[in-house]
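K.L.:
Predicted model and sequence follow; I will ask about them next.
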Amino acid sequence: MVDDEVAGNELPFELPECYRALQAEARELAESLRPVAARADEAEDFDPDVRRALAASGLTAVVVPGAYGGRFADVDSLAVTVVREALAAESAHLDSMFGMQGIGSFALARGGSDALREHWLPRIGRLEAVGALALTEPDVGSDLKALTSTVEERDGVLRVRGRKSFITNAGDADVYSVLCKEGSGYSLVLVPADTPGVRVEKPHQIIAPHVLGDVLLDGVEVPADHRLGAPGKGFALVLDTLATFRVSVAGAAVGLAEAALREAVRHATGRELFGTTLSRLGGVPESLATSWVEIESARALTYRAAAAAARDPRQNLHLASMAKVAATETAGRVVDRSVQTMGRFGLVRGSTIERLYREARPMRIYEGSTEVILDSLAKQLVRRFAD
Ligand SMILES: Cc1cc2nc3c(=O)[nH]c(=O)nc-3n(C[C@H](O)[C@H](O)[C@H](O)COP(=O)(O)OP(=O)(O)OC[C@H]3O[C@@H](n4cnc5c(N)ncnc54)[C@H](O)[C@@H]3O)c2cc1C
């Protein structure tokens, strides 16, 4: 559970010591992987060095509950967020590997049987097993209720059929939480990757490489206790997952934005032209300072939202959603300004800033795109002010 200092009504303006220590631990891991970050961030499968180092660090224990070997009694959004901020500053691959262990296993932690939790969660917390959350389909993204994958129960067996698309960790995951239609509702089903009828294809490569693939489920059968939560109530578990982890995307975006600004400042202070340094020329100082202002603003909202989510995730989802929009849109603007400040040097393939530029882009689309979140916030706002 979150520190009393944060859990109370008074949020201190600095992170409590336990979170700062955790962030320092994550930063140390991330910096130790700097030499392999560029290679890992081009990988379409798990990078073995990154996996080994992350497992050895023990940090993935942050994303499972204490009863199953986790570091906190319950998964703590502020802890996940500050770790992701540190990891994403160095490597998107490392950040994704860490974050997805939680996103891919949270529905199991909340809605799984004791036997399934005891089997999977300690291994996920040690990164001996890899999780994934399969919602999206080839024709269905934001409008999830239009999904077509199905599950049917007969004689104590769940039969799953469908195709999931753009699933992070596909191919490397040991277990998938799959959202399916069941009667008039939607259920989440835990499907081990080695179940007969499960197949992975990798039809898409994206601009910022990511461990990503389509998961085909052809008449897959698992025992009835592999349904997570009550039949037809899978969306509640998806919402719980979002409420706990969405704000951590904001943390990753803040870390990435700061890394991009650091690149721009380093370049602008080292380059001389027109008899001065670039950092003092024309609109460059304003551009750098604007990025700094925006990053600090996004960080303040992100920490506040993460502390609120650690207290009560569902009640504070609106804050997590605001932080996700603010931080990912900030990251987009900051990387763009940083590239502009660096001129042609910002465009060089394989440079750090070029990698950050590409990696910032998907953040505004996954885990709730900016437009979908704003639409939902607008509806809540109208309800709130109409009361
Ligand atoms: C790197 C990456 C990793 C991913 N990992 C996973 C994963 O692990 N598991 C998984 O299930 N999915 C995953 N996804 C898929 C992701 O969740 C979807 O891309 C996302 O839900 C958006 O759906 P879509 O891409 O189909 O866009 P669409 O839903 O087709 O939307 C297209 C555009 O229309 C806008 N739009 C849609 N609806 C509205 C609306 N109501 N109001 C206003 N604008 C709207 C959107 O904002 C967007 O700009 C991943 C995607 C990426 C890029």
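P.N.:
Perfect, thanks for sending it.

K.L.:
all strands in the protein, in order from the N-terminus.
P.N.:
131-134, 150-154, 157-168, 175-182, 185-192, 198-201, 212-223, 227-228, 272-273, 276-277 (DSSP state E).

K.L.:
Spell out which strands sit alongside the first one in the sheet and which way each one runs.
P.N.:
Meaning strand 131-134. Sheet neighbours of strand 131-134, with direction, are listed as strand 175-182 (parallel) (DSSP bridges).

K.L.:
The partner strand near the ligand at all?
P.N.:
No - on the criterion CB under 6 Å from any ligand atom, strand 175-182 is out of touch with the ligand, staying 7.7 Å away. Every C-beta, even on glycine, is put in place using the N, C-alpha and C of the backbone.

K.L.:
and that strand, what's its mean pLDDT?
P.N.:
Strand 175-182 shows a mean pLDDT of 98 in the predicted model.

K.L.:
could you give the angle of that strand to strand 157-168?
P.N.:
Here strand 175-182 runs at an angle of 120 degrees relative to strand 157-168 (axes from the mean of the first three to the mean of the last three CA atoms, to 10 degrees).

K.L.:
show me what contacts the nearest residue to V160 once chain neighbours are set aside?
P.N.:
Of all residues not flanking V160 in the chain, V220 sits nearest, at 4.4 Å (CB to CB, 6 or more residues apart in numbering). With contact taken as CB atoms under 8 Å, 6 or more residues apart in numbering, V220 is in contact with R159, V160, R161, V191, T195, P196, G197, V198.

K.L.:
The same query, at a cut-off of 6 Å, please.
P.N.:
Residues counted as contacts of V220 (CB atoms under 6 Å, 6 or more residues apart in numbering) are V160, V191, T195, G197, V198.

K.L.:
For the chain, which residues are neighbours of the ligand?
P.N.:
So far as CB under 6 Å from any ligand atom goes, the chain lies against the ligand at 133-136, 141-142, 166-168, 206, 210, 212, 362, 365-366, 369, 371-372, 375.

K.L.:
Just the buried ones from those, in ChimeraX syntax?
P.N.:
To isolate the buried members of these in ChimeraX, using 16 or more other CB atoms under 10 Å:
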select :133,134,135,136,141,166,167,168,210,212,362,365,369
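
K.L.:
Just the pLDDT for the residue in the stretch 101-250 of the chain positioned nearest to the ligand.
P.N.:
Residue nearest to the ligand within the stretch 101-250 of the chain (CB to the nearest ligand atom): G141, separated by 1.9 Å. Here, the pLDDT recorded for G141 equals 97.

K.L.:
Begin at 21 from now on, thanks
P.N.:
Right, with 21 as the first residue, what we last looked at is G161.

K.L.:
quick revisit: show the pLDDT at the residue nearest to V180.
P.N.:
Reported pLDDT for V240: 98.

K.L.:
Tell me how far it lies from E148.
P.N.:
23 Å (CB to CB, to the nearest Å).

K.L.:
Buried ones in the biggest helix by length in the chain, by neighbour count?
P.N.:
Assignment by DSSP state H gives helix 254-290 as the longest helix of the chain. Across helix 254-290, burial judged by 16+ other CB under 10 Å covers 254-258, 260-281, 283-285, 287-288.

K.L.:
Return the list of helices and strands in contact with it.
P.N.:
helix 97-108, helix 112-123, helix 126-131, strand 205-212, helix 304-331, helix 337-362, helix 372-383 (3 or more CB pairs under 6 Å, 6 or more residues apart in numbering; DSSP states H and E).

K.L.:
and the ones you listed, which is most packed in?
P.N.:
helix 97-108 (a mean of 29; mean count of other CB atoms under 10 Å).
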